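Novice: my questions are about this predicted structure, shown below with the sequence.
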Amino acid sequence: MSSPRAIEGFDQSWAFLVAIDRYRNSVPELRTPVADATKLAGILQRHHGFKADVVANEEATLDKLRKALTDLCTRVGKDDRVLFYFAGHGIALDSDEGPRGFLLPQDAARDSSARYLPMVELNEALSALPCRHMLIILDCCFAGAFRWSSTRDLALSPENLHRERYAWYVQDAAWQAIASSAHDQKALDVAVGEALGERGQTVGHSPFAKALMEGLAGAADRLRPDGTGDGVITATELFLHLEEELAPPLGSGRPRQTPILWPLPKHDKGQFVFLVPGKELDLPPAPPLNPDANPWRGLKPYESTHADLFFGRRKARERLVEQVMKDPLVVVTGASGIGKSSLVQAGLLPHLPASIHSIVVRPGPAPFASLAAALQANSPGAPNADYLRAEPSALADWVTKQNSAGREILLIIDQAEELITMNRDEKVIPQYLALVDNALNANQRLRIVVTVRSEFEPQFAQSALKSRWLSSRYLVPQMTQDELRRVIERPAAVKVMQFESADLVDTLVNEVVQMPGALPLLSFALSEMYASYLRRPANDRTLTREHYDSLEGGVTGSLRVRANQVVDGVDKQHGETARRVLERLVSVDAGAFARRRVRRRELQAADPEENARVVEVLRRLDEARLIVTDQVEEEPYLELAHDALILGWDRLLGWVRRDAVLIAARRRLTLDAEQWSAS
């Protein structure tokens, strides 16, 4: 038999178990609570190092329970952990605030709530304990009514638990509760003959208690991708084990019993943990933190390779997947910065069936060349740019060949507004969209997803796609506060990092929650906080208020501050060059501002000195991650990293607006002169 496994960092582990199966006053008796609690107490003592007290039947009257809870407060210290377990009858009564939960003491009267123990009172008594870790486990009917606190997302355990995260689990406050059933469900007792494992046979424990004991014996230690466990059972893993074990088999007809897990008001970033009996801990160190390990993408969109860092869009992703699987054309639209490209590439693509072959293309300044390059990269012999432009059926014919070879195609036209903002040839848009429309009309196994900024939709809604456009729209919603918290906290958790407090996370959320299109600003600010951490790395892998304060302008101002630093950090001549370069990277169409992708040679100056200044300015912009470069047909192009750099940088916006006014004024003067000459 393995010796008890004490967890370092705690002075004492207490278990207080209440079990009632013999009731007074005509309350129906139960069969398993005392047996469940007695065996569970033994497991906690022998294998997990708890001091366990079982209060059963006549010792569990209302007055005695209240006294026992009061006495417990004198025994528990601040560096202790406590497990509270109740097995018996529970009841939920309707109230104006929702279901009110009660535990039934041994002397409860069936027709009077005066002798019930309110779950709110139990909460207050346990919350008064000074311990760092608390786990409340309720195995009774309507146990979910104990969920008095506002809920937060279940923090799912990572695939790999590293020793640093384990240390956080132990050090930080962990106040969690597990209920055997929801607030509107009855818990199963062995008397119904539905125990776990051996279906239909009567064994000595309730289904919940049996699964709980098996979990604490090691079954709840979830396996890593390599098939091994780490030797740690967190409260989350214990809950997931209970959820799986209590799920009724298909077609069994057994009532559904849904356990729930939630954090209590005093919960922070910890986890109540158990160590697997007889198994050594196997916790690897966290991977190193360096510039390549940044949890956030800054101004860059998330792509399919970044799906493990893409959070906060589960509901939106599920809706989008459903629509893409149903409709041949889906138009993903919304304001700049709402996260359209990231949702499609990091949200949609990784969750599509493997049978669908996806191709992503941005139109850019040469839309047909970009499309030809994307097709040819996936299928040698695909049509070239000239053929795509000249032959309206070229894309349809190519898709048909792919279908005949067993390939179902999903074509993603990302940032389709570039057809407008980066092209001056008015024939490009109708030709390109006619190509798309013909392909949709000719093929049943073709899906097309278009992402486009909402202010550019009118130009598309009157195109060859006008009969499909309105019914195909998918409007990307604004993120809620909880979704923004996931954007902030979950990528950090993937890289085994944490924020020092919930207040710091709330500060970040509150800066952007009412700001449409603020996602790139938030991602940029978080990326800068990470860079600040790297400049003075600490061993705790924690982002702090100091890192936030280093942003110089908070979330909304950090991008503007960074851009101003680049321009202000050079002499006057370089500053003028920077202005000219940046203005070339902005497109103005019908009063809307957007990025413009330009050929590198367009910025080439005849004056050698000016050309040297252009090189230096581009170097500084690139180092500040304010521009991105790529290759189109082996020619280098560059553009601003995001439209947010235009809309969020008042200086650049002022330059562009001023020049737009000057250009318009010159055009009016020219027109007036021409009209005067003609007269």
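Specialist: All right, it came through fine.
Novice: work out for me the element Trp209 sits within.
Specialist: Actually, residue 209 is Ala rather than Trp. Counting by DSSP states H and E, the element that carries Ala209 is helix 207-214.
Novice: output the contacting helices and strands for that helix.
Specialist: helix 33-48, strand 133-139, helix 235-246 (3 or more Cβ pairs under 8 Å, 6 or more residues apart in numbering; DSSP states H and E). C-beta here means a position set from N, CA and C on the backbone, and glycine is covered the same way.
Novice: and it, how far from the chain's centre?
Specialist: Relative to the mean C-alpha coordinate of its chain, helix 207-214 is positioned 31 Å out (Cα atoms, centre = their mean, to the nearest Å).
Novice: tell me the centre residue of this structure?
Specialist: The centre of the chain sits closest to Phe311, judged by Cα atoms, centre = their mean, with a distance of 2.1 Å.
Novice: am I right that that one is in a helix?
Specialist: No. Counting by DSSP: H, G, I helix; E, B strand; the rest coil, Phe311 is not found in a helix; it is coil.
Novice: please tell me how far it sits from Ser342.
Specialist: With distances taken as Cβ to Cβ, to the nearest Å, Phe311 is found 11 Å from Ser342.
Novice: same check on His357?
Specialist: His357 sits 21 Å away from Ser342, going by Cβ to Cβ.
Novice: of these two, which one has the most company?
Specialist: For His357 versus Ser342, neighbours defined as other Cβ atoms under 10 Å are more numerous around Ser342 (24 against 15).
Novice: OK, contacts around that one?
Specialist: Residues in contact with Ser342, defined by Cβ atoms under 8 Å, 6 or more residues apart in numbering, are Arg297, Pro301, Tyr302, Phe310, Arg313, Leu519.
Novice: is it possible to get a markdown table of these that adds pLDDT?
Specialist: Shown next, in a markdown table, are the contacts of Ser342 (pLDDT from 0 to 100):
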| residue | pLDDT |
| --- | --- |
| Arg297 | 92 |
| Pro301 | 89 |
| Tyr302 | 93 |
| Phe310 | 95 |
| Arg313 | 95 |
| Leu519 | 88 |
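Novice: pick the one among the residues you listed closest to Ala373.
Specialist: Here the nearest of these to Ala373, counting by Cβ to Cβ, is Pro301; it sits at 19.1 Å.
Novice: let me see the ranges of the strands in the stretch 551-679 of the chain.
Specialist: In the stretch 551-679 of the chain, the segments counted as strands under DSSP state E, counting those that start in this stretch are 586-589, 592-595, 598-599, 627-632, 635-640.
Novice: where does pLDDT dip in the stretch 151-300 of the chain?
Specialist: Scanning the stretch 151-300 of the chain for pLDDT under 70 picks out the ranges 151-159, 182-203, 250-256.
Novice: ugh, typo on my part, it should be the stretch 351-500 of the chain
Specialist: Within the stretch 351-500 of the chain, no stretch falls below the threshold (pLDDT under 70).
Novice: what do you get for the stretch 551-679 of the chain?
Specialist: The low-confidence ranges in the stretch 551-679 of the chain, as defined by pLDDT under 70, are 589-591, 631-633, 660-679.
Novice: ranges for the helices of it?
Specialist: Counting by DSSP state H, counting those that start in this stretch, residue ranges of the helices within the stretch 551-679 of the chain are 554-568, 572-584, 608-623, 644-647, 650-678.
Novice: among these, show me which one is buried the most.
Specialist: The densest packing among the helices of the stretch 551-679 of the chain, expressed as mean neighbour count by mean count of other Cβ atoms under 10 Å, is seen in helix 644-647 with a mean of 22.
Novice: can you name every helix or strand that it contacts?
Specialist: Helices and strands touching helix 644-647, as assessed by 3+ Cβ pairs under 8 Å, 6+ apart, comprise helix 519-535, helix 554-568, strand 592-595, helix 650-678.
Novice: mind giving me the packing neighbours of the first one?
Specialist: Judged by 3+ Cβ pairs under 8 Å, 6+ apart, the packing partners of helix 519-535 are helix 481-494, helix 502-512, strand 542-543, helix 545-549, helix 554-568, helix 644-647.
Novice: could you redo the last one with a cut-off of 10 Å?
Specialist: The criterion is 3 or more Cβ pairs under 10 Å, 6 or more residues apart in numbering; DSSP states H and E, and the helices and strands that helix 519-535 contacts are helix 340-342, helix 481-494, helix 502-512, strand 542-543, helix 545-549, helix 554-568, helix 644-647.
Novice: one step back: let me have the helices of the stretch 551-679 of the chain in a markdown table, extended by distance to Asn25.
Specialist: A markdown table is the format used below for the helices of the stretch 551-679 of the chain (distance: least, Cβ to Cβ, whole Å):
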| stretch | distance to Asn25 |
| --- | --- |
| helix 554-568 | 60 |
| helix 572-584 | 81 |
| helix 608-623 | 78 |
| helix 644-647 | 67 |
| helix 650-678 | 74 |
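Novice: contacts for stretch 71-82, please.
Specialist: Residues from elsewhere that reach stretch 71-82 (Cβ atoms under 10 Å, 6 or more residues apart in numbering): 7, 9-16, 50-51, 53, 84, 125-126, 128-136, 170, 174-175, 270, 272-273.
Novice: in helices, which of the residues you listed fall?
Specialist: In this view, the contacts of stretch 71-82 that belong to helices under DSSP state H are Ala125, Leu126, Val170.
Novice: so what's the residue count around the last one?
Specialist: The burial metric for Val170, expressed as a neighbour count using other Cβ under 10 Å, is 19.
Novice: from what I can see it touches His133, true?
Specialist: Yes. Look at Val170 against His133 with Cβ atoms under 10 Å: they come within range, at 8.1 Å.
Novice: give me the common contacts of those two.
Specialist: Shared contacts of Val170 and His133, counting by Cβ under 10 Å, 6+ apart, come down to Ile7, Gly9, Phe10, Arg81, Gly270, Gln271, Phe272, Val273.
Novice: just give me the neighbour total for the fourth one.
Specialist: Around Arg81 there are 24 other residues, counting by other Cβ under 10 Å.
Novice: hey, what's it bridged with?
Specialist: Ser13, His133 (DSSP bridges).
Novice: thinking again about what came up before, list the contacts of the residue nearest to the centre of the chain.
Specialist: Phe311 makes contact with 302, 346-347, 483-491, 493-494, according to Cβ under 10 Å, 6+ apart.
Novice: pull out the buried residues from the shared contacts of Val170 and His133.
Specialist: If you count burial by 16 or more other Cβ atoms under 10 Å, the buried members of these come out as Ile7, Phe10, Arg81, Gly270, Gln271, Phe272, Val273.
Novice: how close does the second one get to Asp80?
Specialist: If I follow you right, that is Phe10. Between Phe10 and Asp80 the distance is 6 Å, computed by Cβ to Cβ.
Novice: anything in contact with each of those two?
Specialist: Taking Cβ under 10 Å, 6+ apart as the contact criterion, the residues that touch both Phe10 and Asp80 are Cys131, Arg132, His133.
Novice: ok, back up a step: any chance of JSON lines for the contacts of Ser342, columns neighbour count and distance to Glu214?
Specialist: Written out in JSON lines, the entries for the contacts of Ser342 read as follows (neighbours: other Cβ atoms under 10 Å; distance: Cβ to Cβ, whole Å):
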{"residue": "Arg297", "neighbour count": "20", "distance to Glu214": "42"}
{"residue": "Pro301", "neighbour count": "23", "distance to Glu214": "45"}
{"residue": "Tyr302", "neighbour count": "23", "distance to Glu214": "39"}
{"residue": "Phe310", "neighbour count": "25", "distance to Glu214": "35"}
{"residue": "Arg313", "neighbour count": "23", "distance to Glu214": "36"}
{"residue": "Leu519", "neighbour count": "24", "distance to Glu214": "43"}
